[in-house]
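[1] coords please:
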Amino acid sequence: MGVKAQFVVPNENLITENIPQIPKGIEADVKKYTEARSAGFVAFHPTKKEIIMSTRFGNIAQLHYLSLPMGARKQISFFDEPLSNAVFNPKNPDEIFFTKDDGGNEFRQIFQYDLKTLKHKLLTDGKRSQNGNITFKKDGSGYFFTSTMRNGKDRDLYYVDIKQLDKPQLMLEVEGGGWGISSVSHDGNHLIVSNYVSVNESFIYQFDVQLKKLTPLTLLEDKGVVNSGGTFNKNKDGFWYITDKDFNFARLAYKNIKNNEVSFLSNLNWDVEQFEVSPNFDYIIYTTNEAGLSKMYHYDLKSKKTTSLNFLNNGLIGGFEIHNDNQTIGFSYSDAQSSSDIYSYDLKTKQLTKWTESELGGIQPTDIALPKLIEWPSFDGLKISGFYYPASKKFTGKRPVIINIHGGPEGQSFPNFIGASNYFTNELGVAIIYSNVRGSTGYGKEFVKLDNGFLRENSVKDIGALLDWIKTQPDLDADRIMVMGGSYGGYMTLAVSFHYADKIRCAVDIVGISNFVTFLKNTESYRRDLRRVEYGDERDPKMYEFLEKISPLNNVDKMSKPMFIIQGTNDPRVPVTEATQMRDKLKVKGNTVWYLEAKDEGHGFRKKANSDFQRLAMIMFMKEYLLN
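    Numbers count the residues shown, from 1 in each chain. Alright, predicted model coming up:
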């Protein structure tokens, strides 16, 4: 018992291989960096100025009720899995509806939840189906949702009468896993639905509930155009949506359904990310992604005037909602110095109100690394950017570097609060670079396309150019570089590990793709065709040959540096076999490989106990192979 007490013991859900014993002292040193919390805006009460939010007070995030700004948070859900979304029944606010999966498997089921009794009821099949997009009629008489329950692959449209919750009605059968509900008309008779084909292409449709008829609202011949969102005007003869048609960035637009005329409400060289029309149809609120920072705008539908709501300028706005009072906006916000909190903004009084004050644990302002935008030329002259978090100034000499590559690949690294990773910069003296290689979103649709299909390895070369850039920096140690990433970033990590083995010290692969062919074969069926559009169709002989050629699993002979592989057993996106086959092949070759698997997780660790152990193990890995 005395020996055990000196070391951190992994919990019963963790499988570890080759990870050495972790001294309790390291856990104590790291603890102050791991207790930061965040608060996420979930929903406004339909009539009251009260909200549902999501935050963590234990191992996982749960739903909480907040009746006034800075008031006491009342926890209302108590599950073994995290919850971060819910919708009110608009006519019976004593009940909410939410989705929850099991162990990170992403087979989310819909539940009804009574806020008075705190009792919940499963409303979907409870099997290997994905259910979501809960969209209520305005009168609360029922809701629509999407589900793969018919065949596990196609995301069909269903309707549930509030008086018959256990009898979902199949409204529309579709083909593909990218279908979703954008909005419902005020009379409840029409829906705007979208079909996401890829990050480069999506279409919007109108669905007539009574006739069960689907009609395109955007041109099906518009290949390579992304159309998203969608809200009808009051008369249903037009709708607002987001599109990148005839432009490199996504703009807010309005389409007249009668004459098919399209007008644009924004013309920024940045993407419009989300929008919401006020309940009284007087204005639109929309947010943009401008160099990784969020901006919020007000568009007056009568005067057609746009106003920048610049009450918060240097951070990231999460989901937002306009209250039924037509003047209050609720949203989540974070910046580089703080985790996410909840705010509201009153359009009439122009008053910004903070609703939560999320604790940062023991992290002090002086402990926090602040990002700097950096740029470097790639092999073909293309400018690539990222965010550099320097090591604390208390460390002298050239500093070791972590290169962190985001997933997606249609994702983006933002200049946000890095939480527990401040331990790396402030206590270990390690700098971190979060890269946005080609294929990242936020820089226009042409940039997103630059890694598609046979261009896949050009994004790996962007990291090769970053390795060369690091050599030119007087504060950075090019001889001590660790590359890491999750999901597609995990593939990138593995690819860098064989293309540039001589330029890195070690690597951390988190839920990464090790072979594109086996990945496409084993990823869940509702995702397979969506991923083929991005990575290439392995059923085509030429593409099959290319994917096999570039897959890290087939290039293990070129890998020489220590590797740490981290995986969730229940991952539906990148199956656990992608991790185990890479681990096993590295072991056969005699490479140093550490392995961590969580039996109660999926595509990344969501439970604090698991992520805490992952972090401690990574610190041990860094001390052994990066810092020495």
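[2] I433 reaches I405, doesn't it?
    No. Using Cβ atoms under 8 Å, I433 is not in contact with I405, being 9.5 Å away. Bear in mind the C-beta positions are built from the backbone N, C-alpha and C, glycine included.
[3] which one of these two has more residues nearby?
    Neighbour count, other Cβ atoms under 10 Å: between I433 and I405, I405 has more, with 34 against 26.
[4] quick check: the gap between that one and S487.
    Distance of I405 to S487, computed by Cβ to Cβ, to the nearest Å: 10 Å.
[5] quick check, pLDDT for D475.
    Listed pLDDT for D475 reads 97.
[6] same question for M1.
    46.
[7] please apply the same query to V197.
    91.
[8] now do the SS call for it.
    Following DSSP: H, G, I helix; E, B strand; the rest coil, the label given to V197 is strand.
[9] over to L68?
    Going by three-state DSSP: L68 is coil.
[10] give me the pLDDT value at F7.
    Confidence score, pLDDT, at F7: 95.
[11] distance of the residue nearest to it when sequence neighbours are not counted from L616?
    The spatially closest residue to F7, leaving aside those adjacent along the chain, is Q21, at 4.3 Å (Cβ to Cβ, 6 or more residues apart in numbering). Distance from Q21 to L616, counting by Cβ to Cβ: 11 Å.
[12] who has more neighbours, the two?
    More crowded of Q21 and L616, by other Cβ under 10 Å: L616, with 21 against 12.
[13] ok, and for the particular helix or strand that has that one in it, which residues are buried?
    In this assignment (DSSP states H and E), L616 forms part of helix 608-625. Buried residues in helix 608-625, defined by neighbour count with 16 or more other Cβ atoms under 10 Å: 608-622, 625.
[14] with stretch 262-276 instead?
    Using 16+ other Cβ under 10 Å as the test for burial, stretch 262-276 gives 262, 265-266, 268, 270-276.
[15] likewise stretch 370-380?
    Using 16+ other Cβ under 10 Å as the test for burial, stretch 370-380 gives 371, 374, 376, 378.
[16] low-confidence stretches in the protein?
    Applying pLDDT under 70 to the chain picks out residues 1-4.
[17] longest strand in it, by residue count?
    Scanning the chain for the longest strand, with DSSP state E as the assignment, gives strand 476-486.
[18] sheet partners, orientation included, of that one?
    Taking DSSP bridges as the criterion, strand 476-486 forms sheet pairs with strand 399-405 (parallel), strand 506-510 (parallel).
[19] nearest to F79, out of those?
    Shortest distance between F79 and the strands paired with strand 476-486, using Cβ to Cβ, is found for strand 506-510: 24.7 Å.
[20] Provide the contact partners of the closest one at residue level.
    The contact list for strand 506-510 (Cβ atoms under 8 Å, 6 or more residues apart in numbering) reads 482-487, 489-490, 493-494, 496-497, 561-567, 579, 582, 604, 618, 621-622, 625-626.
[21] in the stretch 51-200 of the chain, which spans are strands?
    Counting by DSSP state E, counting those that start in this stretch, one finds strands in the stretch 51-200 of the chain at the ranges 51-56, 61-66, 74-75, 87-89, 92-100, 109-114, 120-122, 131-136, 142-147, 156-161, 169-172, 179-184, 190-198.
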